[in-house]
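With the input below, show me the fold.
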Amino acid sequence: MYGWGASAGTGKTKVLTDRVLRLLLPKEGEGEGVNSESILCITFTKAGASEMIARVMEVLSHWAVCGESKLDEELEKLLGHAPTNNQRQKARHLFATVIDLPNGLNITTIHAFCQSLLGRFTLEADLPPNFAVMDEAEAQQLMVAAKDGLLNDFLSGQCDPDLGNALSILTLHKNAQQFDSLVKSIINQRHNIRNFINEHKDVNGASQSIYTHLNIDVDDTADSAFDLYFDERNFPRDKIMQLAKAFEFGAKGNQQSAAFLHDFCSRSGAERKTLKDDYLSVFFTTTGGVRSDKVVSVGAQKQDPQALEIFQNEADRLMRYIDHLKNIQTAFATSCLLHIGHDILSRYERGKALSRKLDYDDLISKTHGLLTSDMNQWVLYKIDNRIDHILVDEAQDTSPDQWSIIQAID
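Numbering: from 1, shown residues only. Predicted structure coming up:
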């Protein structure tokens, strides 16, 4: 297998085209070149496949009619040595040979190749013999139908509690356009989402795994996180009072902070919640970074040599609080998205099943499943009888799942 991946305009297609042409020509001392039907050339787009076919056919048609000296010049440039008589004769007849192929040159996109392969092995792939592939417009219609169905059930109170709660939270933070964008992202990542959910048996198990990974309990909330760090049992009141007293002897900024810290320490846990942001600003900048040690002025440190250490310890403690709070928010938001994604994908999949059609991602996943199933040896045996050379253009745009298919048939 040969693959090329580089930036646009660097000549990848030219290199691959030349490789195809060299394969079609016999090697020096051999009678024939490679059978054109045994070459599979995969590119990323239909336009790329069409361009490559056009380039190969343009060269072959030119070889068929150009003068002897011109043919020798071009073959020598391609092969790196003067052509043999056998190579000249083959070059002259290649255009006629290729033009007579029932399906033309086997230069195609990965999706078209998968569709062709699945069409040959519908039984093994568990597909109906007459399956079709939906275009992007049809897929878009199904996405809209899935989204609208979910929203209609939500508005009519027919959603299950977890899903309804997830949507309620989402609508507080996303407008209609952002929700549409979210649905598209869910559809684009549907196989990853589906695999993740299946790995954990169901959507609730998948959600639980997120909380476990982030070391968060499903019952944790922003309020419980605050209590964990700021209620009377957990807030280091005596140390902060000690820091406040040292600040009284510091610079003007320290003195202002001292008054606030004294007030903050005198409050109850519930009252401190309303002052949380002001308290954090004593230790963190507006961009979220810990304030420099210089914030504890010389006067404050002279008054209490422990002042800087207390300040640093509290900044570290508050950083753990912020991280804990972010983990709670991340776990909750991800859980909401998983429930919404699971429902939308279920509706989308049902719509595809009713239409008896596959989308482009299905072509990849179904082919991957076919080549890794119990029938893979039979399928690969049949493919091996036809394909000897695999060439891949735009390799940098090929996804891991697509590469796994190419590697399976290599």
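
mind listing the strands for the stretch 251-400 of the chain?
Using DSSP state E, counting those that start in this stretch, the strands of the stretch 251-400 of the chain run over residues 357-358, 389-392.

Spatially nearest residue to T367, not counting backbone neighbours?
Nearest in space to T367, with sequence neighbours left out and distances taken as CB to CB, 6 or more residues apart in numbering, is C114 at 4.1 Å. From N, CA and C alone the C-beta is placed, and that goes for glycine too.

so how many other residues sit close to the one you found?
Burial of C114, expressed as a neighbour count using other CB atoms under 10 Å, amounts to 27.

what's next to the helix or strand containing it, contact-wise?
In the assignment (DSSP states H and E), C114 maps to helix 110-120. When contacts are taken as CB atoms under 8 Å, 6 or more residues apart in numbering, the neighbours of helix 110-120 outside the stretch itself are 40, 42, 44, 46, 49, 108, 125, 127, 131, 133, 358, 360, 363-364, 366-367, 370, 379, 382-383, 398, 402, 405-406.

the strands in the stretch 1-150 of the chain, which residues?
According to DSSP E, counting those that start in this stretch, the strands that the stretch 1-150 of the chain contains are 2-3, 39-43, 107-109, 132-133.

got a markdown table for these, with mean neighbour count too?
What follows is those, written out as a markdown table (neighbours: other CB atoms under 10 Å):
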| stretch | mean neighbour count |
| --- | --- |
| strand 2-3 | 16 |
| strand 39-43 | 24 |
| strand 107-109 | 22 |
| strand 132-133 | 15 |
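
got a markdown table for the ones you listed, with distance to A146 too?
Rendered in a markdown table, the data for these read as follows (distance: least, CB to CB, whole Å):
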| stretch | distance to A146 |
| --- | --- |
| strand 2-3 | 36 |
| strand 39-43 | 31 |
| strand 107-109 | 26 |
| strand 132-133 | 19 |
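
so which of those strands comes closest to A244?
Go through the strands of the stretch 1-150 of the chain one by one with CB to CB and the one that ends up closest to A244 is strand 2-3, at 65.4 Å.

what about that closest one, average pLDDT?
Confidence over strand 2-3 (mean pLDDT, whole number) is 45.

What of stretch 313-324?
Per-residue confidence for stretch 313-324 averages out to 96 on the pLDDT scale.

contacts for that stretch?
Counting contacts by CB under 8 Å, 6+ apart, the residues touching stretch 313-324 from outside are 216, 225, 228-229, 236, 239-240, 243, 280, 283-284, 288, 290-291.

Would you write a ChimeraX line that selects the buried entries of the residues you listed?
Selection of buried members from the contacts of stretch 313-324 for ChimeraX, criterion 16 or more other CB atoms under 10 Å:
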select :216,225,229,239,240,243,283,284
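
out of the contacts of stretch 313-324, what pair is the most spread apart?
I216 and L243 (30.0 Å).

For this protein, which residue occupies the most central location?
Computing the C-alpha centroid of the chain and ranking residues by CA atoms, centre = their mean puts Q189 first, at 6.7 Å.

quick one: it from Q301, how far?
Relative to Q301, Q189 is positioned 53 Å away (criterion: CB to CB, to the nearest Å).

Please apply the same query to A146.
With distances taken as CB to CB, A146 is found 62 Å from Q301.

Also R194?
Note on R194: its distance to Q301, by CB to CB, is 58 Å.

now the helices for the stretch 151-300 of the chain?
For the stretch 151-300 of the chain, the helices defined by DSSP state H, counting those that start in this stretch occupy 161-173, 176-188, 190-199, 203-213, 222-230, 237-247, 252-266, 269-274, 276-283, 298-303.

what packs against the last one?
Read that as helix 298-303. Using 3 or more CB pairs under 8 Å, 6 or more residues apart in numbering; DSSP states H and E as the contact criterion, the elements in contact with helix 298-303 are helix 237-247, helix 307-355.

One more: the fifth one?
Using 3+ CB pairs under 8 Å, 6+ apart as the contact definition, the elements that helix 222-230 packs against are helix 269-274, helix 307-355.

do the same with the third one
For helix 190-199, the elements it packs on are helix 203-213, helix 307-355, helix 360-371, judged by 3+ CB pairs under 8 Å, 6+ apart.

Highest mean neighbour count out of the ones you listed?
helix 360-371 (a mean of 20; mean count of other CB atoms under 10 Å).

of all the contacts of stretch 313-324, which comes closest to K252?
Distances from K252 to the contacts of stretch 313-324, taken by CB to CB, are shortest for R291, at 15.4 Å.

quick one: contacts for the closest one?
282-285, 315.

likewise L275?
Contacts of L275 (CB under 8 Å, 6+ apart): 263-264, 267.

can you tell me which of these lies nearest to V20?
F264 (74.4 Å).

Tell me the spacing between the residue of the chain most remote from its centre and V296.
Residue distances from the centre of the chain (CA atoms, centre = their mean) peak at Q303, which lies 55.6 Å from the mean C-alpha position. As for Q303, its distance to V296 is 10 Å (criterion: CB to CB).

can you list residues touching both of those two?
Residues touching both Q303 and V296 comprise 246, 250, with contact defined as CB under 8 Å, 6+ apart.

Look at the closest residue to V133 other than its chain neighbours and say how many residues are nearby.
The spatial neighbour of V133 that comes closest, neighbours along the chain excluded (CB to CB, 6+ apart), is L358 at 5.3 Å. By the other CB under 10 Å criterion, the neighbourhood of L358 contains 21 residues.

for M241, same thing?
17.

my guess is it contacts D263, does it?
No. Using CB atoms under 8 Å as the test, M241 is too far from D263 to be in contact (11.2 Å).

Give me the residue ranges of the stretch 1-150 of the chain where confidence is low.
Along the stretch 1-150 of the chain, the parts satisfying pLDDT under 70 run over 1-12, 29-31.

tell me the helices in it, going along the chain?
In order along the chain, the stretch 1-150 of the chain carries the following helices (DSSP H, counting those that start in this stretch): 12-24, 46-65, 68-79, 85-99, 110-120, 136-155.

that older thread, columns distance to Y348 on top of the contacts of R291, output as a markdown table?
Converted to a markdown table, the contacts of R291 look like this (distance: CB to CB, whole Å):
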| residue | distance to Y348 |
| --- | --- |
| V282 | 50 |
| F283 | 47 |
| F284 | 44 |
| T285 | 45 |
| A315 | 47 |
